[in-house]
Each structure stands twice: as structure tokens, then as C-alpha cells.
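Participant: Predicted structure and sequence below. I'll ask about it afterward.
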Amino acid sequence: MPPGYAPRFLDTPIPPPDPGPRIAGDLVDLDGSPVIDYTHFSLAQSRSRRLARWVAWNVDGARLRELDRSGLRFRYDERLDRSVQTGDEAYRDNRLDRGHIARRADLCWGDPEEARAANADSFYFTNITPQMDDFNQASRDGVWGRLENALLSQVEVDRLAISVFGGPVLSDADPMHRGVAVPVEHWKIICYAVDGTLRARAFLFAQQVEPVLKLDGFAAWQVEIGVIAERTELIFPDMLGAAPTARPQPPRPLSSTAEIDW
């Protein structure tokens with residue numbers, strides 16, 4: 001079994017979120033557990049939506065490796081039934097990207113074999129959501145794909161160690177496309193320490209997806225962790241809500257990573 005998300009990666013142990021009562025029965029079990037492990041990340045998969053409810057991953061900024069993606073293909077996790085995974089049918093001939101939730105670059109750390117395994121694991125469809133190209137691609141100024149880099153470049157993070165939670169907001173109002181409900185909103189919570197003190201920052205992102213082929217743009221906000229909990233019906237560990245200045249009031253719109261209150 002691959003080493004998944006490590007709750008004790010930071011000095012303060014941070015377990016992954018628990019599902020609220022309404023969605024607990026929707027999670028896919030693997031070997032009797034709703035937590036599915038990969039190299040450097042873990043996730044919980046929604047049976048009804050065929051996408052992840054949450055993904056949790058660790059970033060060791062001191063041991064990151066630059067690996068390319070040549071030869072790697074998006075693929076089903078054969079440990080799970082394909083009926084609970086969203087595959088290529090959602091992405092052909094449109095502007096929807098196969099968007100990584102746990103970023104490929106975040107996962108490629110450790111010894112060479114470990115980093116290569118994480119690089120390959122990042123391409124499982126369970127770690128992918130339909131994301132508009134301008135939302136997903138950092139080269140097109142998408143804030144979603146640049147948060148972790150911005151943190152490490154702007155803040156003196158202890159040991160360059162980060163733990164991240166992220167995923168789509170699976171709303172009943174999400175628009176349908178080729179039999180797949182495309183999430184309008186995504187979220188991230190980034191956890192790290194400065195001088196031994198835990199910090200947590202939460203972000204909400206909205207992409208314009210209806211009609212899929214015509215609308216551009218997306219919006220990003222820095223929000224309270226409670227906003228993420230309410231939208232996702234996930235229960236986050238108490239220490240995140242108690243982290244200093246983790247609750248900006250009111251939600252702050254972001255046009256660039258330079259505007260983030262770290």
C-alpha cells in the first residue's frame with residue numbers, strides 16, 4: 001500500500017476531514033476504509049458524483065524534484081470500480097482540463113523512486129476534476145495552481161513543510177455536461193507553521209462553466225475555514241479553525257497571489 005497523506009507531517013498533527021452525516025454514506029470504501037491512499041496523498045471519493053470529496057497531501061519543499069510528465073497518462077484506479085470514477089468522456093473536444101487536485105509538482109519529492117511513484121499516482125482520475133483551462137493552468141494566471149509556490153516564496157515556512165486539503169464543492173446545482181455534473185466551485189486549505197506556530201489559510205474558487213465552451217474567467221476568495229466546511233459538508237479538525245488569523249472577515253476577493261494574507 002502506498003504511503004498516503006501523513007497527518008503528523010507538521011509538528012502539530014492534522015488529521016484529514018471527516019464527512020458530515022448527509023454525505024458519509026456516499027464515500028467509496030477500499031478494503032473497509034473510506035480513505036484511499038496514494039504516494040504522498042490520500043482522498044475520499046464520492047460514489048454519486050464520481051469525484052473526490054477531499055484530497056489531502058503533504059509538500060516537502062526542501063526535497064522537491066523537477067520531474068516531467070512525459071509518458072504519463074490519466075488512468076483509472078483499478079482498485080476501484082470504474083463506475084465511481086469520472087474518465088475521459090467528460091474532457092474530449094472542449095475547454096475542460098483534466099485538473100489535478102493535489103498538484104503534480106507538490107507531490108514529486110523524496111528519493112528518486114518515491115518521487116517518480118508520486119508523479120505517476122497524481123494522474124489517477126480520482127485526483128482529477130473537470131476544470132476550465134483558464135482556472136487550471138498556472139501559465140494562464142490561475143491562482144488555484146500557484147498558491148503553494150506563492151506561500152513558499154513569500155513566507156519563512158518552518159522546514160518548508162506544508163499540508164494541504166483541497167477538492168471540488170459538490171453541489172446539487174452544478175451544471176451537467178455529458179452526464180457529469182461539473183463543479184462550479186473548488187477549495188483549498190493550506191496548513192504550515194511559522195516559528196513553531198500553526199497557520200491555516202482557506203480559499204474558495206468559482207469557475208464559469210455554463211455553457212462550457214463559451215464563458216471565460218473565474219474568481220478567487222480568501223475565506224474562513226467555516227465557509228469551506230459549510231459548502232462541502234466536511235468536518236475539519238478543530239486546530240485549523242483555532243490557528244491564528246485563519247479567519248479573514250469578510251471574505252477577501254483575490255486577483256493575484258500577492259493579495260493573500262498569509
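Facilitator: It's in.

Participant: mind showing which ranges of this protein have poor pLDDT?
Facilitator: For the chain, the stretches flagged by pLDDT under 70 are 1, 133-142, 208-218, 245-248.

Participant: any chance you could map the helices in it?
Facilitator: Counting by DSSP state H, the chain has helices at residues 104-107, 112-121, 133-136, 147-154, 225-232, 238-241.

Participant: Let me know which of the ones you listed is the nearest to Phe41.
Facilitator: Nearest of these to Phe41, taken as Cβ to Cβ: helix 104-107 at 6.2 Å. Yep, even glycine has a C-beta here, placed from its N, CA and C like the rest.

Participant: neighbours of Lys188, just the number please.
Facilitator: 22 (other Cβ atoms under 10 Å).

Participant: residues contacting it?
Facilitator: By Cβ atoms under 8 Å, 6 or more residues apart in numbering, the contact list for Lys188 reads 144, 147, 164-166, 202-203, 205.

Participant: Surely Thr86 touches Gly99?
Facilitator: No - counting by Cβ atoms under 8 Å, Thr86 does not reach Gly99; the two are 11.4 Å apart.

Participant: and for those two, which residues touch both?
Facilitator: 128-130.

Participant: Give me the buried entries from these.
Facilitator: The neighbour-count test (16 or more other Cβ atoms under 10 Å) applied to these identifies 128-130 as buried.

Participant: For Gly226, state which of the residues you listed is nearest.
Facilitator: Of all the buried ones among the shared contacts of Thr86 and Gly99, Thr129 has the smallest distance to Gly226: 22.7 Å, by Cβ to Cβ.

Participant: Can you give me the distance of the nearest residue to the closest one once chain neighbours are set aside to Pro237?
Facilitator: Counting by Cβ to Cβ, 6 or more residues apart in numbering, Thr129 lies nearest to Pro168, which is 4.9 Å off, once chain neighbours are set aside. Taking Cβ to Cβ, to the nearest Å as the measure, Pro168 falls 21 Å from Pro237.

Participant: what about those two, which has more around it?
Facilitator: For Pro168 and Pro237, the more surrounded residue by other Cβ under 10 Å is Pro168, and the numbers stand at 28 against 19.

Participant: partner residues bridging the more buried one?
Facilitator: Taking DSSP bridges, one finds His186 as the beta-bridge partners of Pro168.

Participant: Can you tell me, leaving aside adjacent residues, what's nearest to the spatially most central residue of the chain?
Facilitator: Centroid-nearest residue in the chain, with Cα atoms, centre = their mean: Gly166, separated by 2.9 Å. Closest residue to Gly166 apart from its sequence neighbours, by Cβ to Cβ, 6+ apart: Lys188 at 4.2 Å.

Participant: separation between the one you found and Arg49?
Facilitator: 19 Å.

Participant: likewise Ser171?
Facilitator: 10 Å.

Participant: and these two? which has more neighbours close in?
Facilitator: Arg49 (21 against 14).

Participant: Surely that one is in contact with Leu170?
Facilitator: Yes - using Cβ under 8 Å, Arg49 makes contact with Leu170 at a distance of 4.9 Å.

Participant: what is in contact with those two at once?
Facilitator: Here Arg49 and Leu170 share the contacting residues Ala181, scored by Cβ under 8 Å, 6+ apart.

Participant: Mind listing the residues bridging to Trp54?
Facilitator: Ala44.

Participant: repeat for Val194
Facilitator: Per DSSP bridges, the residues bridged to Val194 are Thr197.

Participant: OK, contacts around it?
Facilitator: 155-158.

Participant: farthest-separated two in these?
Facilitator: Val155 and Asp158 (9.8 Å).

Participant: Compare the two and say which is more crowded by neighbours.
Facilitator: Asp158 (17 against 14).

Participant: Look up how far Arg103 lies from the nearest residue to the more buried one once chain neighbours are set aside.
Facilitator: Spatial nearest neighbour of Asp158, chain neighbours left out: Ala193 (4.2 Å); criterion: Cβ to Cβ, 6+ apart. Separation of Ala193 from Arg103 (Cβ to Cβ) stands at 20 Å.
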